[in-house]
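Asks: Prediction below, plus the sequence it came from.
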There are 4 protein chains.
Amino acid sequence: MYFASDNTAGMAPEILDALAKANAGYALGYGNDDWTKRVEQRFAEMFEKDVAVFLVPTGTAANALAIAHLSPPWGAVLCHEGSHIATDECGAPEFFGGGLKLIGLRGDGAKISAPTLRAALEGGQWGGPHHVSPSVLSLSQATECGTIYRVGEIKELADIAHEHGAFVHLDGARLGNALARMNVSLAEATWKAGVDVLSFGASKGGTMGAEAIIFFDPKKGAKMPDRRKRGGATASKHRFIAAQMEAYLADDLWLRLAHHANAMADALAAGLTKAGCKPVWPVEANEVFAPITAEMDKRLKAAGAMYYPWPSDSIPKDRILVRLVTSFQTTSEDVEKFLAIVRS
Amino acid sequence: MYFASDNTAGMAPEILDALAKANAGYALGYGNDDWTKRVEQRFAEMFEKDVAVFLVPTGTAANALAIAHLSPPWGAVLCHEGSHIATDECGAPEFFGGGLKLIGLRGDGAKISAPTLRAALEGGQWGGPHHVSPSVLSLSQATECGTIYRVGEIKELADIAHEHGAFVHLDGARLGNALARMNVSLAEATWKAGVDVLSFGASKGGTMGAEAIIFFDPKKGAKMPDRRKRGGATASKHRFIAAQMEAYLADDLWLRLAHHANAMADALAAGLTKAGCKPVWPVEANEVFAPITAEMDKRLKAAGAMYYPWPSDSIPKDRILVRLVTSFQTTSEDVEKFLAIVRS
Amino acid sequence: MYFASDNTAGMAPEILDALAKANAGYALGYGNDDWTKRVEQRFAEMFEKDVAVFLVPTGTAANALAIAHLSPPWGAVLCHEGSHIATDECGAPEFFGGGLKLIGLRGDGAKISAPTLRAALEGGQWGGPHHVSPSVLSLSQATECGTIYRVGEIKELADIAHEHGAFVHLDGARLGNALARMNVSLAEATWKAGVDVLSFGASKGGTMGAEAIIFFDPKKGAKMPDRRKRGGATASKHRFIAAQMEAYLADDLWLRLAHHANAMADALAAGLTKAGCKPVWPVEANEVFAPITAEMDKRLKAAGAMYYPWPSDSIPKDRILVRLVTSFQTTSEDVEKFLAIVRS
Amino acid sequence: MYFASDNTAGMAPEILDALAKANAGYALGYGNDDWTKRVEQRFAEMFEKDVAVFLVPTGTAANALAIAHLSPPWGAVLCHEGSHIATDECGAPEFFGGGLKLIGLRGDGAKISAPTLRAALEGGQWGGPHHVSPSVLSLSQATECGTIYRVGEIKELADIAHEHGAFVHLDGARLGNALARMNVSLAEATWKAGVDVLSFGASKGGTMGAEAIIFFDPKKGAKMPDRRKRGGATASKHRFIAAQMEAYLADDLWLRLAHHANAMADALAAGLTKAGCKPVWPVEANEVFAPITAEMDKRLKAAGAMYYPWPSDSIPKDRILVRLVTSFQTTSEDVEKFLAIVRS
């Protein structure tokens, strides 16, 4: 019953197989290998357009490098106040961006609404030399609350950002979970909706450690190799990052893994709702935020269930809001066991 | 005949096995796992003292994070002018170090001599507010020219550095190759000789991608978790980096792999010497710098041999200096084939 | 009728005289001069303790250098969301601080309340490796809304900050105006109330361009000369900055100038209140925020009055909130003329 | 006998007058004043072309901001190894430039020769992702050794730099002294010779503290206001920096002051040569580097003469190389007195 995070899971068997296969013979380092070339081609096919692709070992590196490449040091990156880049990366975007500024916007379910974005951009004090200038809108898909932006929402937000001279970055650490929920193409969910740069996550989804920065205008990716290298994020035996990503993308493995994780979340949500612990936000990806009782909490912990509480001001005082994250590795048995303890 | 770099090799079978074994079940992320704890203990045993250990995915991250942690932004890092940190990391130490300055010293075979270091520290203009202050001496072991520092040499250099208020960093991307050549303990070759912080390399030696920053005074490592995280170098599924390192250290695998690579370099050197192409620097690790003829070069390339030329002003005009790097994966057959072509 | 900013004023005659007098003969550069020594002594007397003093040409440099010296790059600087460092310095603290993070707190009249600070420090997610760590509480005295912190308020806030491991920085760009209003000593208003580092402003108060960074624990100022120099903020002909400051401090000129500016603000406030435009925040320094009518605004502008509107959501729709800043140079005639137009 | 530095002088009387005159009435801050506009126009006239002008309080800020604006963080700034930016600014270019790298070139008399520059650019390892890329050639005019680049020399160096994709920055802290020596126009000596950006120094020349960054392609100066502000280098009461510069440029005051300083240096050089202490480098600006005897040194110091020794390996062991810097304030009497002591 490991629901602490999707990064407590291992890697999917297909990924391990790919590593084993990639371990034959020699390959030039730093991305000058065939695996990397194939991954670049695969992404171009998936996105239905030329893209510039940069693989990195961690999601924090992906986000920070992408944002730093889009924003001057005097830029302001608008994001949800509870987003991963704002709260969980120990200031990585600020560091990589030469001291840029993150502006946290409010919004229920970790989503930014169009009116909120517009108000921030039109109501605040922006523009040099005294004030920082909006440079990037960074959205998370799925969000920290397990909700997702529908294509129309992204498009509306992206239009507002572009109208004000800001680029759009999508933190897709859980993009697979979002896509698995929507009936749209990858292109529709990203660049066709106005996304300029994407952190395509694969680590949480089922690889060992591989993320891709995708520039939908390949020219915008110029000099990213230099930034990535000096950022310490260029793997020397690069074929092994590429091999993970290749396997993750092959035969839509990434979507199949995400579907499973989402289904497990749905099952948890359904069971919890029945037990009187209806999730406080729509369960649209692989995270469930449920207000359980102190007794349930005690029973679950005693049984070894792993999960974290989630700070909240708005649930009843006799409840504890907990975050449950499922992954490709979560089993129905785990979910059933968990729910049985809840109900007991 | 892949002698382009030791990073063109894959990973040793033991490493792949370790990844497969580590892929069972769940583990907390970011280093809160058993593999990481075991690696920390193993390093403490190997170094015969308490150490602070931080695993990262790349050697550039290891070096840059270590140096940034030792030096204020107004510090000067003295290193060989041809060292990896000075020439091959695209300015990573300067970036991570908030704009610190690298001071390249000269020296044959990529080694800094004690008189050169002393002259630099006592002859130059140092000290604030106008001048930067010496903060770190960074040595490479083995060096970019495949030579090594003997323990007495490190000790002498470290004493000079410490005398002038600078810490000593050792870039041990090929530490295994150096150790395999010397008849000394790991402790003797590092902290007992005055090294304060070590980048313990494992990627070039035979893992897929794993490096360790080792602080011999564990207190000096305080807040490195924060710096590593905001530097994008904290693996979420950290067990897999730790598992690689654990296997690499187990049963002295790292030294056995290095011994093999060194032996292959020795064989290359012996054959080249016989063929009239005596290496220009002592072959003390896994690199051979040999002045071959243009005809040999043509024949080798035609046969598919992979290696890079090395810039040099001091070899005869009718020769080409080439760098040949061996690895754990290099076979005697490859070496023999290469030498046969040289001789033909 | 120049009420746009106190930096639209020139310098007090005493400052110009001091520059003229300091222009005799030679003096060593970069602070190795007698003026600088005398300023350091004068500050020590005024603060009734040893202090480390660093003069710089701009208030932004003073704030950014001070904060960068107190905070690691992974630190969080808590400040009012409308403070100068947060909104008007184009990200200088983030730049000088290596990518640190400013956390804007809310509070009426640009003041942070103790409960707000406590809630922020105890309720949020803080601490490495994932989250930034509170490193500095930065207060403005007087605030951007012309209000001031009483000594007891500073003490309470400083105690909370210290309790949570954060230093206290005071942005005293208008410290004179605040002091002139309170019946306390400079020591009581600063270090005795818990302030660790002060940006002592003199430019807005009546010099040409001179600010002092004051460390109340002189040891904390170690290496600030290096940081200041590489920050481009060390004047070569330093005696001229010191001479300004010396004259500003002599015979309490700074307080006398501030008293005058405050009195002019009081007169404006009294007149505006009588005219039905009561200031929205207490007038405690040299700034008046008054909700005037559109007709008043039109008349004032037609008469050449200079001032800026101030964004506000909480005043009646038929009113415009304007900011009026007085200075040592403001005359009673200007104030009277302004009020006459308001009343007409 | 103050020959320690030209920054030990005060300001020219015309500058003090200008400050006094500028102290009448009110003026908007941060450069929105008439003095600034007039300075911008005056520079355009002097340079015979549109230029973007940014005034800053210190020479270090001018150099560091200019270089940071021309170079990406992964850029390499080629300069003389003894240049001010390399040795005397405590790493300011690296700090402002986000961790860029300075590459020090050798050359007699602190001058870079065309073959040296070409060899550096064509012989070294340059270009991402592993190596930094040449971004800026920074020349000092006059140099740290009191020599100057003739127009043809600048042109040749600039052509090589441009050919390799690097911009040309001129550190003109003592540009007046260089210009006063040459029979060329300001335009010929700068942009017509290939200079892209100039740090136009005025502090050493005779102002209190004022420097200008000049972009010869005004578009290149876009966003410099933001960089300057966040760099803490935007004066609030900007009119006083502009007033200094206006007076400095009026009626060629800057050249007249420089002519005087140069003449004093010439007189020193002539006298020292006669006394057997011929300067080791051509005296082309306001600095004399003379190898005096230990006895002269003793006599001069006893008489209160102020100057610094200059490190040198190439003068006779019984001599001490000293640097003598003259300024607008140096008198013939001082020179004569100094020479009399030398001869006695």
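Replies: Everything's here; your move.
Asks: shouldn't A:Val195 be in contact with A:Phe216?
Replies: Yes - assessed by C-beta atoms under 8 Å, A:Val195 is found in contact with A:Phe216 at 6.7 Å. Backbone N, C-alpha and C define where each C-beta goes, glycine included.
Asks: Compare the two (neighbour count), which wins?
Replies: Shown here are A:Val195 and A:Phe216; by other C-beta atoms under 10 Å in any protein chain shown, A:Val195 has more neighbours (24 against 21).
Asks: How about the secondary structure of that one?
Replies: Three-state assignment for A:Val195 (DSSP: H, G, I helix; E, B strand; the rest coil): coil.
Asks: for the stretch 201-344 of chain A, what spans make up the helices?
Replies: Along the stretch 201-344 of chain A, counting by DSSP state H, counting those that start in this stretch, helices occupy A:224-230, A:239-249, A:253-274, A:294-302, A:332-343.
Asks: Deepest in the core, which of those helices is it.
Replies: helix A:239-249 (a mean of 27; mean count of other C-beta atoms under 10 Å in any protein chain shown).
Asks: Need the CA coordinates for that helix. PDB is fine.
Replies: The C-alpha atoms that make up helix A:239-249 are tabulated as PDB, following Å, rounded to 0.1, in the frame of the first residue of the first chain:
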ATOM      1  CA  ARG A 239      22.200   6.100 -24.700                       C
ATOM      2  CA  PHE A 240      20.800   4.800 -21.400                       C
ATOM      3  CA  ILE A 241      18.500   7.800 -20.900                       C
ATOM      4  CA  ALA A 242      17.500   7.600 -24.500                       C
ATOM      5  CA  ALA A 243      16.800   3.900 -24.300                       C
ATOM      6  CA  GLN A 244      14.500   4.400 -21.400                       C
ATOM      7  CA  MET A 245      12.600   7.100 -23.200                       C
ATOM      8  CA  GLU A 246      12.500   5.000 -26.400                       C
ATOM      9  CA  ALA A 247      10.900   2.100 -24.600                       C
ATOM     10  CA  TYR A 248       8.600   4.400 -22.700                       C
ATOM     11  CA  LEU A 249       7.200   5.800 -25.900                       C
END
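Asks: From the contact counts, what lies against that helix?
Replies: Counting contacts by 3 or more C-beta pairs under 8 Å, 6 or more residues apart in numbering or on different chains; DSSP states H and E, helix A:239-249 is packed against helix A:13-22, helix A:34-47, strand A:52-56.
Asks: If we look just around chain C, which residues of the stretch 101-250 of chain A are in range?
Replies: A:Lys101, A:Leu102, A:Gly123, A:Gln125, A:Gly128, A:Pro129, A:His130, A:His131, A:Val132 (C-beta under 8 Å from any C-beta of the partner chain).
Asks: residues contacting A:Ala20?
Replies: The contact partners of A:Ala20, by C-beta atoms under 8 Å, 6 or more residues apart in numbering or on different chains, come to B:Leu16, B:Ala20.
Asks: I misspoke; the intended subject was A:Tyr149.
Replies: Contacts for A:Tyr149 (C-beta under 8 Å, 6+ apart) come out as A:Lys111, A:Leu139, A:Gln141, A:Thr143, A:Leu157, A:Ala178.
Asks: Report the secondary structure state of it.
Replies: When classified by three-state DSSP, A:Tyr149 comes out as coil.
Asks: Can you read off the backbone torsions of the residue nearest in space to the middle of chain A?
Replies: The centroid of chain A falls nearest to A:Ala173 when counting by C-alpha atoms, centre = their mean (2.0 Å). When read as degrees, to the nearest 10, the backbone of A:Ala173 gives phi -60, psi -30.
Asks: Give the residues shared as contacts by A:Val195 and A:Phe216.
Replies: Counting by C-beta under 8 Å, 6+ apart, A:Val195 and A:Phe216 have no contacts in common.
Asks: returning to what we had before: right, and the helices of the stretch 201-344 of chain A - which one's nearest C:Leu253?
Replies: Closest of the helices of the stretch 201-344 of chain A to C:Leu253 is helix A:224-230, at 50.3 Å (criterion: C-beta to C-beta).
Asks: Now the closest one - C-alpha only, CSV.
Replies: Extracted as CSV, the C-alpha positions of helix A:224-230 are listed here (Å, rounded to 0.1, in the frame of the first residue of the first chain):
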residue,chain,number,x,y,z
MET,A,224,20.2,24.5,-25.0
PRO,A,225,23.0,21.9,-25.3
ASP,A,226,25.4,24.5,-23.8
ARG,A,227,23.0,25.4,-21.0
ARG,A,228,22.3,21.7,-20.3
LYS,A,229,25.9,20.8,-20.1
ARG,A,230,26.9,23.6,-17.8
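Asks: Now the residue of the stretch 101-250 of chain A found nearest chain B: closest residue in space that isn't a chain neighbour?
Replies: Taking C-beta to the nearest C-beta, chain B has its nearest neighbour within the stretch 101-250 of chain A at A:Gly232, 3.1 Å off. Leaving aside its chain neighbours, A:Gly232 sits nearest to B:Ala61 (3.1 Å; criterion: C-beta to C-beta, 6 or more residues apart in numbering or on different chains).
Asks: Number of residues surrounding the one you found?
Replies: Residue neighbour count, defined by other C-beta under 10 Å, stands at 29 for B:Ala61.
Asks: ok, now A:Leu175?
Replies: The burial count for A:Leu175: 27, using other C-beta under 10 Å.
Asks: does A:Arg230 really touch B:Ala92, like I thought?
Replies: Yes - A:Arg230 is in contact with B:Ala92 according to C-beta under 8 Å; the separation is 4.5 Å.
Asks: okay, and the common contacts of the two?
Replies: Here A:Arg230 and B:Ala92 have B:Thr60, B:Ala64 as joint contacts, going by C-beta under 8 Å, 6+ apart.
Asks: Show me which residues of the stretch 101-250 of chain A sit near chain B.
Replies: Contact residues (C-beta under 8 Å from any C-beta) of the stretch 101-250 of chain A with chain B: A:203-204, A:208-209, A:226, A:229-237, A:239-241.
Asks: I'd like to know how far A:Phe240 sits from B:Ala235.
Replies: 13 Å (C-beta to C-beta, to the nearest Å).
Asks: Double-check that A:Ser135 belongs to a strand.
Replies: Yes - assessed with three-state DSSP, A:Ser135 lies in a strand.
Asks: what is the closest residue to it other than its chain neighbours paired to in the beta sheet?
Replies: Leaving aside its chain neighbours, A:Ser135 sits nearest to A:Gly75 (2.8 Å; criterion: C-beta to C-beta, 6+ apart). In this structure, A:Gly75 bridges to A:Ser133 when assessed by DSSP bridges.
Asks: Check what pLDDT A:Gly75 gets.
Replies: Predicted confidence (pLDDT) for A:Gly75: 98.
Asks: Repeat that for A:Asp252.
Replies: 97.
Asks: how many other residues sit next to whichever residue of the stretch 201-344 of chain A sits closest to chain C?
Replies: Chain C sits closest to A:Pro311 of the stretch 201-344 of chain A, with a gap of 7.3 Å, by C-beta to the nearest C-beta. Neighbourhood size, A:Pro311 [other C-beta under 10 Å]: 9.
Asks: For it, which residues are in contact?
Replies: A:Leu321, C:Gly123, C:Gln125 are the contacts of A:Pro311 under C-beta under 8 Å, 6+ apart.
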